[in-house]
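Asker: Sequence and predicted structure below; questions after.
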Amino acid sequence: MGKRTLSVALLATAMLTVAGCSGGGSADAGETAAAPVNPEGVSGDITVLTNRTDLVEDGTMKEYAAEFNKTYPNVKVEFEGLTDYEGEVKIRMNTEDYGDVLLIPSAVAKGDYPKFFAPLGETSSMRPTYRFTDKTDVDGKTYGIATFGTANGLVYNKALWKKAGITEWPTTPEQFLDDLEAVKDKTGATPYYTNFKDGWPLESPWTNSVGSISCDTQGHDKLAENDEPWAEGNDLNTLDTLLHDIVHEKLSEKDPATTNWESSKTLLAKGKVGSMVLGSWAINQMRDAAEKAGQNPDDIGFMPLPSQQNGEFCSTLVSDYQQAVNIHSDHKEAARAWIDWFTEKSGYAAKEGAVSALKSEGMPETLKDYVDNDVKMIERSAARTAEVDAIDNASEIGLNKPDYRKKLIDIARGATDGTLEGYFDDLNKRWSEARQTVGS
């Protein structure tokens with residue numbers, strides 16, 4: 001596939017100008033897409049929009065539909081794979097024609113969910129069953145169910161790190177930098193790869209890690225009440241200082257402008273690159289790249305970020321895209337049937353090596369190292385995402401856009417004037433002023 005499996009919040013863009021468009025606020029706005037009781041009685045043709053163009057093109061989605069039809073024989077499922085998912089769906093949501101089932105675009109303001117999506121049920125009744133329900137909770141109702149979740153950390157080449165004499169996970173940023181220096185000096189490999197050119201690896205893989213440093217489930221929510229998120233001791237300060245120092249110490253690729261995501265997978269698999277901050281969704285992609293390159297997929301490892309609280313590593317669990325039902329769908333029951341089946345019966349999350357949305361499911365094999373080493377995995381709250389996003393938009397910083405970390409890297413490598421401290425001061429000032437603007 002082109003970029004990645006994980007897409008939720010990775011493409012946060014300008015807010016949709018759809019609040020008053022023809023796509024919002026229909027007469028059946030309150031109609032719940034309830035879970036079906038009798039599969040034989042569910043019927044209709046539904047269209048499912050997806051960003052997984054690869055799974056549409058190779059027939060995998062058709063195979064899922066065939067299995068689905070064994071339970072729901074009277075529902076016909078068609079798929080539309082969209083390469084520029086966010087861009088295309090954003091346009092279509094100005095009409096009523098945006099599929100029956102869709103992945104909620106990151107550009108839709110959380111408060112606007114009731115205008116576009118049918119509620120799936122009361123959050124209080126769904127929370128015991130599903131992870132990540134607060135991601136789409138609006139006024140006590142849930143509007144989406146996660147396709148899966150992901151843990152955050154570093155994908156790395158274990159054989160390469162062993163060659164450099166490193167056998168233990170670093171527990172501090174300073175130790176991590178020393179380890180990267182050892183990789184550089186003893187192996188000649190590029191210790192860290194930023195994927196600067198593609199941009200998106202500087203977005204959510206880093207921002208989703210807010211909470212991992214402090215081991216705080218409310219880490220992201222607290223940004224709504226913090227005037228200085230980049231002050232020393234805060235997660236964003238630690239994370240962005242680490243990225244700055246990696247580049248400043250020349251422990252990343254020589255020319256960030258020439259990076260390539262697809263190539264980076266092979267580089268890491270071959271031991272030419274040492275590590276990258278990514279979600280656990282990337283593990284299987286790196287393992288596949290290793291197999292294709294004739295390398296050992298078991299050399300692909302996943303470690304937590306180099307920070308501990310009370311001697312314990314922590315990693316945030318965050319939601320991928322959430323499947324929702326179009327409020328204008330004529331076949332809401334069939335649409336909900338698909339979401340429930342895909343979540344509970346398809347095996348999709350397990351196949352992707354991801355965290356299931358079902359709380360009854362344990363951690364996937366891809367996170368065995370986390371489980372075996374007692375990494376504390378915390379489901380990060382998204383209850384105040386709407387407030388945080390409002391401040392972020394008003395500040396024009398872009399926590400889920402690449403530009404602010406691209407500037408950070410440019411400062412670190414001397415391509416742009418400035419200092420890390422000065423940049424943090426500016427970010428704090430803009431964030432504080434934006435909080436006053438939006439009335440937080």
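Answerer: Looks like it arrived, so ask away.
Asker: Return, as residue ranges, the portions of the stretch 301-440 of the chain with sub-threshold pLDDT.
Answerer: 440 (pLDDT under 70).
Asker: for it, what spans make up the strands?
Answerer: Assigned by DSSP state E, counting those that start in this stretch, the stretch 301-440 of the chain shows strands spanning 308-309, 312-319, 322-325, 376-379.
Asker: mind listing what's buried in the longest helix along the chain?
Answerer: Identified as the longest helix of the chain according to DSSP state H is helix 420-438. Of the residues in helix 420-438, 420, 423, 424, 427, 428, 430, 431, 432, 434, 435 count as buried by neighbour count, 16 or more other CB atoms under 10 Å. (Each C-beta comes from the backbone N, C-alpha and C, glycine too.)
Asker: Surely the fourth one and residue 399 touch.
Answerer: No: using CB atoms under 8 Å as the test, residue 427 is too far from residue 399 to be in contact (10.1 Å).
Asker: Which pLDDT value does the model give residue 33?
Answerer: On the pLDDT scale, residue 33 is placed at 85.
Asker: whoops, residue 231 was the one
Answerer: On pLDDT, residue 231 comes in at 98.
Asker: So it: helix, strand or coil?
Answerer: coil (DSSP: H, G, I helix; E, B strand; the rest coil).
Asker: Would you confirm that it contacts residue 241?
Answerer: No: Residue 231 lies out of contact with residue 241 (CB under 8 Å); the separation is 11.4 Å.
Asker: Would you mind telling me which of these two has the busier surroundings?
Answerer: Ranked by neighbour count (other CB atoms under 10 Å), residue 231 and residue 241 place residue 241 first, with 18 against 13.
Asker: contacting residues for that one?
Answerer: By CB atoms under 8 Å, 6 or more residues apart in numbering, residue 241 lies in contact with 173, 420.
Asker: picking that back up, got the CA coordinates for the longest helix of the chain in PDB?
Answerer: What follows is helix 420-438, C-alpha atoms only, in PDB (Å, rounded to 0.1, in the frame of the first residue of the first chain):
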ATOM      1  CA  LEU A 420      15.100  24.900  20.300                       C
ATOM      2  CA  GLU A 421      14.300  27.100  23.300                       C
ATOM      3  CA  GLY A 422      13.200  30.000  21.100                       C
ATOM      4  CA  TYR A 423      11.000  27.700  19.100                       C
ATOM      5  CA  PHE A 424       9.400  26.200  22.200                       C
ATOM      6  CA  ASP A 425       8.800  29.700  23.600                       C
ATOM      7  CA  ASP A 426       7.000  30.700  20.300                       C
ATOM      8  CA  LEU A 427       4.900  27.500  20.400                       C
ATOM      9  CA  ASN A 428       3.900  28.000  24.000                       C
ATOM     10  CA  LYS A 429       2.900  31.700  23.300                       C
ATOM     11  CA  ARG A 430       0.800  30.700  20.300                       C
ATOM     12  CA  TRP A 431      -0.900  27.900  22.200                       C
ATOM     13  CA  SER A 432      -1.600  30.100  25.200                       C
ATOM     14  CA  GLU A 433      -3.100  32.900  23.100                       C
ATOM     15  CA  ALA A 434      -5.200  30.300  21.200                       C
ATOM     16  CA  ARG A 435      -6.600  29.000  24.500                       C
ATOM     17  CA  GLN A 436      -7.800  32.500  25.300                       C
ATOM     18  CA  THR A 437      -9.300  32.900  21.800                       C
ATOM     19  CA  VAL A 438     -11.400  29.700  22.000                       C
END
